[in-house]
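Asker: Let me see the structure of the following:
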Amino acid sequence: MLLALKLLLVPGLIAVVSLAGRRWGPRIGGLLAGLPMVAGPVLLFLALEQGVSFAAGAALSALAALVGVAGFCVAYAWTALQRPWAVGLVAGWTAFAVCAAAVHAVPWRPWAALAATLLSFAAGRALLPRRPGPGVTPAWPPWDLGLRMASAVALVLVTTSLAARLGPSLTGILTPFPVAISVLAAFAHAQQGPPGLLRLLESFLPSMGSFAAFCYVLAVGLEPLGVAGAFALALGVQLAIQALLLARMRRARW
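Answerer: Okay, the predicted model is just below:
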């Protein structure tokens, strides 16, 4: 049952966000990419397979490691101005690894990890380069959606299978590895150029504040509330923040 969920839930979420981005543009795609499409299911599977204490520790490490996602976005964005998508991904993944290694060495408390993560996303948004011009209209190849889905599900299978060996801290550090945004960003870059990539990241980074809130609620709520209660509360908090961001997007263009 759990294996079926791993194989169906994450690629299904990636497909929904990808199709929404095609329909309503990279800004909406970037906003929706802040939803816990990969890390959320990973933390749920960890709670079901390893217990709530393990998952709470992993959620705290994941919250701190989100600093690396901001680093990924900034490194990829600047590299993308002059280099193709593959080089941008390598630069972004390197930045994530450096940031994740740094935060792994810190004994975080939930409130401090949340503050550091929110500051990193605000700084990352400010450090993005200006868009060089209008993007191009993408021509979607028939195979790209399947590739996006397959790329995203790989992290879920790897992370959950290695969780018992890695422990909650290292598992949590790996959980927010930017698989979903890597897939979305690489396709936006390849098909729409740097302007399309930057539009995606400009809305993605603010939306990640809701993702940080999701991880924070799980870190502090899993043990007292249990799996169902903590995940329901975390998802409710995140969706409320996403709704506020969407309302803001409608009032003013970022």
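Asker: which residue ranges form the helices in the stretch 151-254 of the chain?
Answerer: Counting by DSSP state H, counting those that start in this stretch, the stretch 151-254 of the chain has helices at residues 179-251.
Asker: give me the low-pLDDT residue ranges for it?
Answerer: Within the stretch 151-254 of the chain, the segments meeting pLDDT under 70 span 151-166, 168, 249-254.
Asker: Give me the distance from stretch 189-202 to the chain's centre.
Answerer: Between the centre of stretch 189-202 and the centre of its chain there are 17 Å (Cα atoms, centre = their mean, to the nearest Å).
Asker: Make sure residue 38 is actually in contact with residue 179.
Answerer: Yes - the criterion here is Cβ atoms under 8 Å, and residue 38 meets it with residue 179 at 5.2 Å. (Each C-beta comes from the backbone N, C-alpha and C, glycine too.)
Asker: measure residue 198 to residue 119 for me?
Answerer: Taking Cβ to Cβ, to the nearest Å as the criterion, residue 198 is separated from residue 119 by 21 Å.
Asker: Of these two, give the one with the bigger neighbour count.
Answerer: The residue with more neighbours, out of residue 198 and residue 119, is residue 198; 26 against 12, by other Cβ atoms under 10 Å.
Asker: Now do the contacts for that one.
Answerer: Counting by Cβ atoms under 8 Å, 6 or more residues apart in numbering, residue 198 makes contact with 77, 80, 128, 129, 131.
Asker: number of nearby residues for the second one?
Answerer: The one in question is residue 80. The local packing of residue 80 (other Cβ under 10 Å) involves 28 other residues.
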